[in-house]
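**Q** need coordinates for the following:
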Amino acid sequence: MQFSERRNSTRWIIIITSFVIVVLILWNTYSFFQIFKNEERIKMELWGESMKTLLNADPESTEIELPRQIISNNTTIPIILVENGKIINHVNLEDEITTDKGKLNRYLEKLKKENEPIKIERDKDKFQYLYYGNSSLLNKLKYYPIALLLIIFLFGAVVYNFYRSTKMGTQNKLWAGMAKETAHQIGTPLSSLIGWLEIMKADNVDETIVVEIEKDINRLQTITDRFSKIGSEPVLETKDIIAETKDSFEYLQSRFSKQIEFSFKAPSHAVLVSINPALHSWTVENLVKNAIDAMKGRGKLALTINEDDNFVRIKVSDSGKGIPKKQFRKVFEPGFTTKKRGWGLGLSLTKRIVEDYHKGKIKVAESEIGKGTTMEISFRKA
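**A** Alright, predicted model coming up:
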């Protein structure tokens, strides 16, 4: 408990520290941006004064050399000079803009929004207005925080995915180990039961009882086989999907309440699919039990198998409480359950068996609140 609390405290310290660092970087970037923006303003005011000196000075005067140098040294800041509402000059603009009057006017409107104009007195009561934009360096600095946030976000996503995949890998190993241990623990009493069954046969116990016990022992062997396969790559065999599904369905039908109306509909011919029989049986069992739980042990349950040229589809329909549309994907997440008891692993495990082991697809085909749900599995034919 103390270790868990300490780990959570460390995690929060790292998160808060990272947040503070990001805020400081963004604040410093904003401060630099404002400093450079003010410096560019000063440059433009100096450029405007130089232009005013040139407009009012004698062309032969040596005093205009410095203003000329100041004006010619500006090679980065875009400028448009306006007098009486008309553009009379422009500096550092792209040819694409200067050769198109419409684009030039639109660019002027853009500059008006970026910075306050600088007023240049040419003659008494005659003024020119200097509109200028941000230099390329300032524009890069403006977008730097966005790029920084994007990098931080991507880095965080990579770290999260690494942490999540590591955690899931550890959980998968734990579940696989528990499953194999369960199979091992079941194996010992199961062997003993098989021995007792043989004694019962030798003592001529009622054959009906022996047959039913034998079915349950075979079922236990199947369950043991299922758990032993968790965490390892199952062997797929080309089997008749209809016969395999029907066997599992009929076994379950015989062991549930008569208040459930079971129905099975499928093509009369064999349909071959590459499956692992034990795991496919588990899939059918999970879907049927899930449907029965949704109906609270009373209602109609139908299993239908359809095919086309490439795929075979198994649909399990119930007359239960239904699933809200927003939960169609969520029902397959580990731990999700609407029941008061249970771990929420049934449909998650079914999805893994169908999609990871058999390369099939599983989905909620349709559902209506208060009327029922249809789950659909699809496999490619062998």
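**Q** quickly list the domain ranges of this protein.
**A** Following automatic domain parsing, one finds the domains of the chain at 2-134, 234-380.
**Q** so which residues of the protein form helices?
**A** Ranges of helices within the chain are 2-56, 65-73, 95-98, 101-114, 136-202, 207-229, 241-253, 277-294, 346-351, based on DSSP state H.
**Q** report the angle between the first one and helix 101-114.
**A** It stands for helix 2-56. Counting by axes from the mean of the first three to the mean of the last three C-alpha atoms, to 10 degrees, helix 2-56 lies at 120 degrees to helix 101-114.
**Q** tell me what helix 2-56 is packed against?
**A** The helices and strands touching helix 2-56, judged by 3 or more C-beta pairs under 8 Å, 6 or more residues apart in numbering; DSSP states H and E, are helix 65-73, strand 79-83, strand 118-123, strand 126-132, helix 136-202. Heads up, the C-betas are built off the backbone N, CA and C, glycines and all.
**Q** count the neighbours of residue 142 for me.
**A** Neighbour count for residue 142, taken as other C-beta atoms under 10 Å: 15.
**Q** show me what contacts it?
**A** Residue 142 is in contact with 33, 134, counting by C-beta atoms under 8 Å, 6 or more residues apart in numbering.
**Q** same thing with residue 25?
**A** Residues in contact with residue 25 (C-beta under 8 Å, 6+ apart) are 145, 148.
**Q** gap between it and residue 144?
**A** 9 Å (C-beta to C-beta, to the nearest Å).
**Q** before we move on, back to that, how about the helices of the chain, which one is nearest residue 312?
**A** Proximity to residue 312 (C-beta to C-beta) singles out helix 241-253 among those, at 5.7 Å.
**Q** show me what counts as buried in the closest one.
**A** Residues of helix 241-253 classed as buried: 241, 242, 244, 245, 246, 248, 249, 251, 252 (neighbour count, 16 or more other C-beta atoms under 10 Å).
**Q** any idea which of those is closest to residue 80?
**A** In terms of C-beta to C-beta, no member of those lies closer to residue 80 than residue 241, at 74.9 Å.
**Q** list the contacts of that closest one.
**A** 271, 272, 273, 275, 280, 305, 312, 314, 379.
**Q** one more time with 6 Å, if that's ok
**A** 271, 273, 312 (C-beta atoms under 6 Å, 6 or more residues apart in numbering).
**Q** got it, and residue 280?
**A** Residue 280 sits in contact with residue 244, where contact means C-beta under 6 Å, 6+ apart.
**Q** please repeat the previous calculation with a cut-off of 8 Å.
**A** 239, 241, 244, 245, 248, 353, 358.
**Q** ok, residue 130 touching residue 44?
**A** Yes - judged on C-beta atoms under 8 Å, residue 130 makes contact with residue 44 at a distance of 6.5 Å.
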